[in-house]
Structure formats: C-alpha cells, structure tokens
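1. I'll drop the sequence and a predicted model, then ask my questions.
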Amino acid sequence: MTSGMRKSLANYGDADFSLFLRKAFIKALGYTDEALSRPIVGIVNTDSGYNACHANAPDLIAAASRGVMLAGGIPVPFPVISIQESFANPTSMYLRNLMAMDTEEMIRAQPMDSVILIGGCDKTVPALLMGAASADVPAIMLVTGPMLAGSFRGERIGACTDCRRFWARYRAGEIDAETIEAANSELAPTVGTCSVMGTASTMALAVEALGMMLPGAASAPAVSAERRRLAEQTGARAVAIAAEKLKPSQIMTPAAFVNALRVVLAAGGSTNAIIHLTAMAGRLGFGVDLEKFDALGGETPVLVDMKPTGAHYLEDLHKAGGCAAILCEIRDQLALDCMTITGKTLGETIDAAASWPQEVVRPRANPIHSGGSIAVLHGNLAPDGAIIKQSAATPSMLQHEGRAIVFDSLADLAARLDDPALDVRAEDVLVLRNAGPKGAPGMPEAGYIPIPKKLAAAGVKDMVRISDARMSGTAFGSIVLHIAPESADGGPLALVRNGDRIRLDTKGRRIDLLVSDDELAKRRAALPPLPDGKGKRGYEKLYFETVTQAGQGCDFDFCIPEITRTIP
Ligand code: FES
C-alpha cells in the first residue's frame, strides 16, 4: 500500500512523473527529501476571521505540529470550510454537509497517512467526522475547546444561554437597551466554543465518549495551556495511528455510538446531537432507531448540572473531571471494550481516570433528572417522529392540550408574533412550520419560538411550542422539535389551522392534532403542490433535492451508504 508523498497522486498517466512534479512543488516550501520521507499528518485548518469559536486554531496547529514532529512525522495543515453559527446564512446546518463533503474530498485528494481534525463550533465537529468516516483514513479529532464564562455586574454569564435569557428579559421590558448592550460585550469573553451544554459542548463530549478524541480533550478551555498540551499529544498520536492504520471505522462502531448517545443523555445534552450522531453513524451504514433511543433515555439519568438547565459552565465540568467523570458514573451502562483513538479500550481509559469530590457531575443515586432527558414522540402530527427535551421543559407543560396558533414560516413569525392584536393566550400552542431541512431551508434553530411580547411582558416564561425546526442546545422550554416529515415535505404539520386543538402527551410519547381523519384528508387535498427544485441552482439545488429528514441525520441521500444495521 502506498504512503506519504506517494499517496493520492495527481493523475497524469505516469505515476513516477506525478511524484516528481509533486516533490518539485512542495520543495518550494523548503522541505528536504528527508522531511518528505516521513509519515504525513494532514491537519485540517478551520481558522476563519468569521469564526471566534476557532480563533485558537493557529495555536493548536502549531502545538499539534510540534507533536507530529516529535513523533517523527511531517505535519501539513490544509484548509476546509469553517462555519460559525451566527455567521452562516441561511443557517449553519445548511452548510454542514458541504463542509463534510469538502473534508472527505480533501482528505482523499491529498497525500496524508493520518489526519487531525480541528473543529469546535456546532456543525464543524459532525461535518469533519462525517467526512473522515467516509474517507476512512486514520483520523483523530481535536476540538478548539470551550470559552471561559464571563461576568456581568456581579453575575456569572456565558454564551449562549445567557444571550437568550438577557434577550428574553429585554423583550419583556425587564432590562433596558443600555443594559443589554453592556451585557453583549461580556457574553463571549474569550475565544472558544459556547461555555454551556450547547451543541458544541455536547458534541465534544459525545466524540470523546465515541473514542475519537484524547481523554480530557472535550472540556479543557480554549485558552488553557492544557488545550495546547492536548494538541501536542494529539499530534504525536496522529503519527502512531498512521503506523497502526487505525481507521475511523474501527472506532466509530455501533457500540461506540451507543456510548456516545448515553453520554449525550447523561449530560442533558443538545437535541441537535441526535441529528449529528445519526448523520455520522449513517456514513458508516448505521441507522439510529429513535424508539430505541427513547428507551435508552429511560435508563440513563441526567447527571450533569450545567447551563442551560443547571448552574455550571464547561470550565467547571473540566475542573470536575470532564467527560471521564460522566463515563465513571455510567460505567456499567457502557460498552467498555470499544477501542479508542489512544489504542486503549474505553474501559481502560475510565480505569485510568482520576476522580475527586465535585458538584458538577451528580452521582447516579442523586440525578438531576431520573431519565429520558430527550423523549421521542409520535402521533398524527409526527408520523416519523419528533423530540422534546423534557429535562429543559416546564414539568407541568409536558402533558398539555391547547389551541393552535399557527405561523406559516419564519417570515410570518417575525411579522406577527409581537403584534398586539395577535389572539394568543399563555395556554395556547405556538406552531411554526416550513422551518425544516427543506422548508426554511437548513432547519434553523427557530424551534425556540420567543414568547409573544405581550405575554412575556405579562410574565409568561414558557409555552408549548412545536415545529419542524431545531433548537439551539443553549435554549430551554417546553418545545417539540424535528417534527417529521417536515411540512415542506408533505408532513401533517402543513394541515394545522389556527384554533385546532393540539395535545402533547409526553408520558404517552405522543403529539396529536385533534382533528378527524376525514377533515385532515380534505385539508390535504386542498394543499398547494409541494415546492420542488425548479429554479434553483448550484449547492442550493443539490441541497434541496437530496437532503434527508431529521431521522436520517439531514445528510444528503447520496452520501449515505446502504444502512446495514440500526442502533442502539
Ligand atoms: Fe460556536 Fe456556540 S457559536 S460554539
């Protein structure tokens, strides 16, 4: 098998000439033949002026390169797309699959014996691992790490739970424009990923549990010396996995994905992680069975006391032992013989982890929530499923029936939500449609529908809200998400009318529109034709015509091989 500079040669019909030409060009960078004879470790560079979550990537590349060279390899950084949540129109999710394709193709196209994947912001970690799984070249993940928590007028704060909290208070008239402007400067006080249990933190923990990242690497702060040491160690390990030919497919096994899902549940993690882990598993031919996932939740208590629902920030979790502290508590529920990127099994990794008294990860005997942080719903509104993060909901609203107040799109929501004339009451159910993978497009994190201004001003803090959208992991409330099929793909959400009754029965795992089948059939017959790809071009056309629903991870259908088994 070829290695080093001989890998992935440009095709001129003469391999020796291809190598000759390649070496001629890379020598322009000052490499010697000795250097070019070493194993090559590609390092994905997702640094971007638009991405503060990755602003330490240059430092991490320098430290990882040091580790590669100390271990006898040659580091070669290369760029792929970088996506930051608030700098991606229409949504970062719309671009995740593009980044996955970019990663896969650049790993395939360029010579590397292993690759270090540096990412961190929400969509980048799944995108990098989706691409690496498909390329199946030895790969190791390194996240940029969480930012530190900030401080505002004596209160500890952090992105992005407190962004939403401050904004909700501003909408309700509790704080003025000067105060919210001042808070804006303190919400992200350092570079790095969001400091709460949002999608980035959830995915970092999931990937460490999956075995694709070094122990402790999920939670060490972005600005810490430890993060740089982890980068150096990642570099050294990247040279070793090149020699061992340890591929993602040997680590990202069905059992390892179940371990990752369990950690998501125990962490009270972001609902987005289900979509991303489904997409990553899909690249290796595994489907996620939502009903079995729900059952898994029933056995897995929420143990991590962390914002948005708890008290702590990621730096606190790191001081409490990080991912290992969670793994230790649910040890008996894990597949301990799964191989990890260190060459040791998960069980050996847990055995080697130190522990000490701490207050962030609760013992199993005293959980935050006894189980099922994320419940899976079905019913006539969600034939292919929907989810609710019940650990982040108002308990009394988990069983609820109310009148539907329907918004046809994000634009309709923006135009009417705060209209003082809107007929809406606290006990109503807010419905948002055309906000799914195709509908918006890009399945925006719009499921956290704001409380209508007049109700917020009257002190209403939570309402039942349902949609085919996603929700940021940093958000909270009684919110049903990922309704599938989405309305723009013929889902029954398109049939709801203002004033219909909707019943949320979380205990019974159902979400139903209380309208007769005959009436629903009449409404369906009157619907306009579904939107199609006509008039679209380029990536938008590819996306629209091939993106799958939440249950398939919203990956492109042509990137998913035949599903050979389901997990858990
Ligand atoms: Fe990048 Fe939160 S916006 S991790």
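-> Alright, I've got the coordinates.

2. what about residue 89, which SS state?
-> In three-state terms, and counting by DSSP: H, G, I helix; E, B strand; the rest coil, residue 89 is coil.

3. How many neighbouring residues does it have?
-> Around residue 89 there are 9 other residues, counting by other CB atoms under 10 Å. Any C-beta I mention is one placed from the backbone N, CA and C, and that applies to glycine too.

4. How about residue 558?
-> Around residue 558 there are 9 residues (other CB under 10 Å).

5. Can you verify it is assigned to a strand?
-> No: per three-state DSSP, residue 558 lies outside any strand segment and is helix.

6. what's the nearest residue to it once chain neighbours are set aside in contact with, if anything?
-> If the residues on either side of it in the chain are set aside, residue 558 comes closest to residue 546, at 5.8 Å by CB to CB, 6 or more residues apart in numbering. Residues near residue 546 by CB atoms under 8 Å, 6 or more residues apart in numbering: 556, 557, 558.

7. separation between residue 139 and the ligand?
-> According to CB to the nearest ligand atom, to the nearest Å, residue 139 stands 21 Å off from the ligand.

8. For that residue, give the beta-bridge partners.
-> Bridge pairing for residue 139 (DSSP bridges) gives the partners residue 115.

9. Dump the helix ranked longest in the chain to PDB, keeping only the CA atoms.
-> Ranked by number of residues, the top helix in the chain under DSSP state H is helix 225-244. Extracted in PDB, the C-alpha atoms of helix 225-244 (Å, rounded to 0.1, in the frame of the first residue of the first chain):
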ATOM      1  CA  ALA A 225      -2.200  25.600  28.500                       C
ATOM      2  CA  GLU A 226      -3.700  22.200  28.800                       C
ATOM      3  CA  ARG A 227      -5.500  22.700  25.500                       C
ATOM      4  CA  ARG A 228      -2.200  23.200  23.800                       C
ATOM      5  CA  ARG A 229      -0.600  20.200  25.500                       C
ATOM      6  CA  LEU A 230      -3.600  18.100  24.300                       C
ATOM      7  CA  ALA A 231      -2.900  19.400  20.800                       C
ATOM      8  CA  GLU A 232       0.800  18.300  21.100                       C
ATOM      9  CA  GLN A 233      -0.300  14.900  22.300                       C
ATOM     10  CA  THR A 234      -2.900  14.700  19.500                       C
ATOM     11  CA  GLY A 235      -0.100  15.400  17.000                       C
ATOM     12  CA  ALA A 236       2.000  12.600  18.500                       C
ATOM     13  CA  ARG A 237      -0.900  10.200  18.500                       C
ATOM     14  CA  ALA A 238      -1.700  11.100  14.900                       C
ATOM     15  CA  VAL A 239       1.700   9.700  13.800                       C
ATOM     16  CA  ALA A 240       1.000   6.500  15.800                       C
ATOM     17  CA  ILE A 241      -2.400   5.900  14.300                       C
ATOM     18  CA  ALA A 242      -0.800   6.300  10.800                       C
ATOM     19  CA  ALA A 243       1.600   3.500  11.600                       C
ATOM     20  CA  GLU A 244      -1.200   1.400  13.200                       C
END
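
10. Tell me how far whatever helix or strand comes next after it lies from the chain's centre.
-> Counting by DSSP states H and E, the next helix or strand C-terminal to helix 225-244 is helix 248-251. Centroid displacement of helix 248-251 relative to its chain, using CA atoms, centre = their mean, to the nearest Å, is 20 Å.

11. which residues in the stretch 301-450 of the chain form strands?
-> Remark: strands assigned in the stretch 301-450 of the chain by DSSP state E, counting those that start in this stretch are 374-377, 386-389, 399-407, 429-432.

12. actually the stretch 451-568 of the chain, not the one I wrote
-> So, for the stretch 451-568 of the chain - with DSSP E, counting those that start in this stretch - the strands run 464-467, 479-481, 501-505, 510-513, 565-567.

13. Show me what the second one is packed up against.
-> Packing partners of strand 479-481 (3 or more CB pairs under 8 Å, 6 or more residues apart in numbering; DSSP states H and E): strand 386-389, strand 464-467.

14. would you list those in TSV and tack on distance to residue 221?
-> Below are those laid out as TSV (distance: least, CB to CB, whole Å):
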stretch	distance to residue 221
strand 386-389	26
strand 464-467	33
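
15. Spell out which parts of the chain neighbour the ligand.
-> Within reach of the ligand by CB under 6 Å from any ligand atom, the chain has these residues: 53, 84, 85, 121, 122, 160, 193, 194, 198, 200.

16. one step back: now the strands of the stretch 451-568 of the chain in a markdown table, with mean neighbour count and mean pLDDT?
-> Listed next are those as a markdown table, based on neighbours: other CB atoms under 10 Å; pLDDT from 0 to 100:
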| stretch | mean neighbour count | mean pLDDT |
| --- | --- | --- |
| strand 464-467 | 28 | 98 |
| strand 479-481 | 27 | 96 |
| strand 501-505 | 19 | 98 |
| strand 510-513 | 21 | 98 |
| strand 565-567 | 15 | 91 |
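
17. mind putting the ones you listed in CSV, distance to residue 491 included?
-> Output for those, formatted as CSV (distance: least, CB to CB, whole Å):
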stretch, distance to residue 491
strand 464-467, 11
strand 479-481, 13
strand 501-505, 14
strand 510-513, 11
strand 565-567, 22
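
18. To residue 4, which of those lies closest?
-> strand 565-567 (35.4 Å; CB to CB).

19. Residue 314: how many residues sit nearby?
-> 33.
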